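Chemist: What shape does this take:
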Amino acid sequence: MNAKKRYAFIILSVIFFGICHFWGSKFRRRKLKLKNSNSYLKHSENLYERRTLAVTSSEISLASPYSSSCTLSTCFDMSKCAGKPFKVYVYPLDDNVQPSSSYMKIINAVIDSRFYTSNPMEACMFVLSLDTLDRDPLSQDFVRNMQARVENLKYWNNGLNHIVFNLYSGTWPDYTETLGFDIGQAMLAKASISNENYRPGFDISLPLFHKHHPDKGGAPGFVKSNNFPVVNKYFVAFKGKRYVHGIGSDTRNSLHHLHNGQEVVMVTTCKHGKNWREMMDERCEEDNLEYDRWDYENLLANSTFCLVPRGRRLGSFRFLETLQAGCLPVILSNGWQLPFDEVLDWDAASISVDERQLLQVPEILHGLSRPRIFAMRQQTQVLWDRYLSSVQKIVETTLEIMFERVHPTLARDSRIWNTNPGALWTDISHRFSKSQVLVPMGYSVLDIRPVTCSHNFTAIISTSSNIVSSTSPIFRLIKNIASSANVSEIVVLWNSQVKPPPIKDWAFLGGISSSPPISVVESKNSNISTRFLQSSLVSTNAVLSLDDDVTLTTDEINFAFEVWGSFEERIVGFPARNHYWDDGKKMWAYTSKWSNEYSIVLTNAAFFHKKYAKLYLENLPRSLASTTESYKGCEHILFNFLVSHVTKRPPIKVTQRKKYKDAIAQRDALVEAENFSQKQTCINIFFSGFGYMPLIKSQLRLDPVLFKDPVSNLRKKFRKIELVQ
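Modeler: Purely as a prediction, here's the structure:
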C-alpha cells in the first residue's frame, strides 16, 4: 500500500514539473517578445525626443489645440464684412520661411479666387502665408517658433477673422489634434478633424489630399458608363497598410477575417516604415505574400465598395481615391467629421459603419438596393468633379462656405450644393431665398432684375464702327430682329468716342415703331466685357448676342431661338470654330477652317442664358478674367470654355451659313490676322487656367424640319432659311 502511494506521488510530481517547465518556457518566450517590442517603442520614443528637441517648450505644452467655445457670434468680427462684398486677404510671403508646395497651391488658389483682395482694409477674412499644413514636429515641413511668428503679424489680433489651413497634426504615438501653437480665435480648416473638436458653423473639415494633388482642374472621375445594375468583379475590397501596434491598428488588424479572395478582398501589409521587421507579428509574412498578389488600381476599378478605414489619423488619402474611382467608400473611422459635411450630403455617396461592426460590413452592404447603389455611384462623380478633384476646388469650396456664413441670405440650399453644376458655378441671382430687399449691402451694384419675359429674348448688338449711315448693316439687322415676335428689347452697345445718333433715328433708320423698345448704351473703358455686363442685366433669360456687321434673317433668328428653348444650358448660334492638339508644337491650336466638327460657337451671333454672363463676370478666376484685358478678341473663346466647363456639353450650331457677316463692311486684314494669332495664344492660356481642356467637340447641326426637302414651301415653317448662302 505504501509502495503504491510512493509511485503515485512520483508520477504526480513528474506531471507537475512537466507542466511548470512548459508554461515557464512559454512565459519566457512571451517576455522576450514583449522586450523586443518595448525596445522598439523605446527606440521610437527616443527618436521622437531627439527629433523634437529643437521645438520650443511653449509649442509642446499646448495640450488644447483651440478654444472649444468659439462660434461665429463670439469669435468673429462681423463689422469687417457688413456692407461690402466678402473679401479675403493673404499675408505677404516671409522670405525666411518658404511654404511647402501643397501650401503654395492653397495660397495661389486664394489669390486667384474672386474673393481675393490685396488691400487688408477691405478684407473680411485673413489667410496666413506661414505654412500650417503639417504640424507634425517630425516632418520636414514643420515650421518652428510658430507662436512668435503669428503674434508678430500686423493683423493677427489673437486670430480674429483668420482661417488656418491644416492637414496633419500631432505625432507619434498618439497623433493628437494640437497644432503646436495657440490659434486663438481663428477658424480652422482642417483634415482628419474629430466631431469632438469640430466647432459647428465655425470650423471647416477638409479632405486629406496628397502633395501631388492637382492645383487646378484635376483628373475626371473614372466612371464612364451608366450601366444598371452596377456589377463589378469584386463586391468589397481593401488594400493598404496594417499597423501592428498603436493608434489606428485595431480595425486594420481584423480585416483578414473578411478576406475570401473572391468577392471580398481584404489584403494588408506590415512592410512599411524603417523598422517594420522588428514589429512583425506571426501573421505578417502571410499577409505580405497575399498583399503582393493584388493590384490596387485594379481593385479600385473593379469593386462596388471600397473600405476606407482610419489610419494613424482619422482621415485617409483613400477617401478621395475611392470617390474618383466611383467605388463607394465604406468609412470605418469613428468620430471623423467628414469633409465639407456642412453642405455636402455624404449619405448620398458613402456608407459610414461603426468600427465595432467591422465583421458585419458585408451583410450591411448586401442590404442596399441596386437603385440606391447606382445613384450613390453617380453621386461620387458629382462630388469629386465639382469640389474635390483639385486644390483650387477644395479652397474655393472652403471660401464659398465662409461666404455663405457671412451672408446667409445668399446661401444656397442643399439641392444646389449636391447636384450639377454645383454651388461653385451658380450665379448670384439663384442664391436668393428671399426678396431683393434683403440683398446685403455692397451687392446692389449687381442690379439683379427679375425675369419678366421668360418666353422672349433680348438682343444686344455691339458696334465697332464710328460712322453710322442709313446704309449701315446694323439697321438691316435691327429691322430683322424687330420683325421677330419673340424679341423683348434691343440694346445697342456704342463702342466709340463719337456720340451715338438719337434714339428716334435708330428706330427710323431701322424701320420700326416703338415696339420693341431700343436703347443705346455708351460703352466706357472697363476691365470687364460690356457685352456680358449688359447681358447679365436684361429682363429675359435668353440673350441674343450680335456684332453690328452680322447678317441674319428673321427666320434664322426665330429658328435659333426655338432651338435654344430646348437647350437652354448651351450656347446656340451660327459661326462655329474648332480646336485641336498640335502634336508638332505640343500645344492646343485654334482653327476657323470649314469642317463638319466644331467645339466653339462665337458669341457675336449666338443665343445663351444670361446666367452665364453673370458667371463670366463673377466666378471666373482672376487670372483668366484679366487675360481678356490684354487679348480683346478672346472673350468668345473664354465664354465657351466657361459654359462647357459648367455643363460638360458642347455648344450647338444651327443652319449652314458660310458667311454671316456683311460683305460691304470694311475689315483690316492685318488686324484680323493679329486677332487670330491672339486666339492661338488665348486657347492655351485658358487651358492652363482651367487646368484641363473643357471644350467638347461636336458634329451636330440642327436644321428646320423639312430643310431643303423637295416638298412644298407651304409645309415649311422657316422656308426662307433655305435661300441663305
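
Chemist: can you give me the strands for the stretch 301-450 of the chain?
Modeler: 303-309, 328-332, 351-352 (DSSP state E, counting those that start in this stretch).

Chemist: could I get those as CSV with distance to residue 650 and mean pLDDT?
Modeler: Glycine gets a C-beta too; all of them are placed from N, C-alpha and C. Below are those laid out as CSV (distance: least, C-beta to C-beta, whole Å; pLDDT from 0 to 100):
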stretch, distance to residue 650, mean pLDDT
strand 303-309, 32, 96
strand 328-332, 30, 96
strand 351-352, 36, 96
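
Chemist: and those strands, which is most packed in?
Modeler: strand 303-309 (a mean of 25; mean count of other C-beta atoms under 10 Å).

Chemist: strands paired with it, and their directions?
Modeler: Strands that pair with strand 303-309, judged by DSSP bridges, come out as strand 234-241 (parallel), strand 328-332 (parallel).

Chemist: Could you dump these into a markdown table with distance to residue 575 added?
Modeler: Compiled in a markdown table, the strands paired with strand 303-309 are given as follows (distance: least, C-beta to C-beta, whole Å):
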| stretch | distance to residue 575 |
| --- | --- |
| strand 234-241 | 50 |
| strand 328-332 | 45 |
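
Chemist: Quick check: which of the strands of the stretch 301-450 of the chain is nearest to residue 536?
Modeler: strand 328-332 (39.2 Å; C-beta to C-beta).

Chemist: Please, where are all the strands along the stretch 551-700 of the chain?
Modeler: So, for the stretch 551-700 of the chain - with DSSP E, counting those that start in this stretch - the strands run 572-573, 576-582, 587-591, 600-601, 605-609, 652-654.

Chemist: Return the longest one as CSV; C-alpha atoms alone will do.
Modeler: This file holds the C-alpha atoms of strand 576-582, laid out as CSV (Å, rounded to 0.1, in the frame of the first residue of the first chain):
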residue,chain,number,x,y,z
ALA,A,576,-18.6,77.8,-85.3
ARG,A,577,-14.9,77.2,-84.7
ASN,A,578,-12.8,74.3,-83.6
HIS,A,579,-9.7,73.4,-81.5
TYR,A,580,-7.2,70.6,-81.8
TRP,A,581,-4.0,69.3,-80.3
ASP,A,582,-0.9,70.3,-82.4
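
Chemist: Buried ones in it, by neighbour count?
Modeler: Buried residues in strand 576-582, counting neighbours by 16 or more other C-beta atoms under 10 Å, are found at 576-579.

Chemist: packing partners for it?
Modeler: strand 587-591, strand 600-601 (3 or more C-beta pairs under 8 Å, 6 or more residues apart in numbering; DSSP states H and E).

Chemist: follow-up on the earlier one: can you tell me which of the strands of the stretch 551-700 of the chain is packed in deepest?
Modeler: Ranked by mean neighbours (mean count of other C-beta under 10 Å), the strands of the stretch 551-700 of the chain are led by strand 600-601, with a mean of 28.

Chemist: Can you tell me the strand partners of that strand and which way each runs?
Modeler: strand 576-582 (antiparallel).

Chemist: ok now the strand it pairs with, how far from the chain's centre?
Modeler: Chain-centre distance of strand 576-582: 26 Å, with C-alpha atoms, centre = their mean, to the nearest Å.

Chemist: same thing with stretch 576-594?
Modeler: So, by C-alpha atoms, centre = their mean, the centroid of stretch 576-594 is 27 Å from its chain's centroid.

Chemist: Stretch 233-243 too?
Modeler: For stretch 233-243, the distance to the chain centre is 27 Å (C-alpha atoms, centre = their mean).

Chemist: Stretch 103-122 too?
Modeler: 17 Å.

Chemist: in it, what counts as buried?
Modeler: 103-117.

Chemist: Which SSE is immediately downstream of the least confident helix or strand in the chain by mean pLDDT?
Modeler: Every helix and strand in the chain was compared by mean pLDDT, DSSP states H and E; the lowest is helix 57-60, with a mean of 42. Going down the chain from helix 57-60, the next helix or strand is strand 88-90, by DSSP states H and E.

Chemist: contacts for that next one?
Modeler: Outside strand 88-90, the residues that touch it by C-beta atoms under 8 Å, 6 or more residues apart in numbering are 107, 110-111, 113, 115-120, 122-127, 129, 155, 399.

Chemist: And the buried residues of stretch 103-122, which is closest to residue 238?
Modeler: When the buried residues of stretch 103-122 are compared against residue 238 (criterion: C-beta to C-beta), the nearest one is residue 105, at 29.0 Å.
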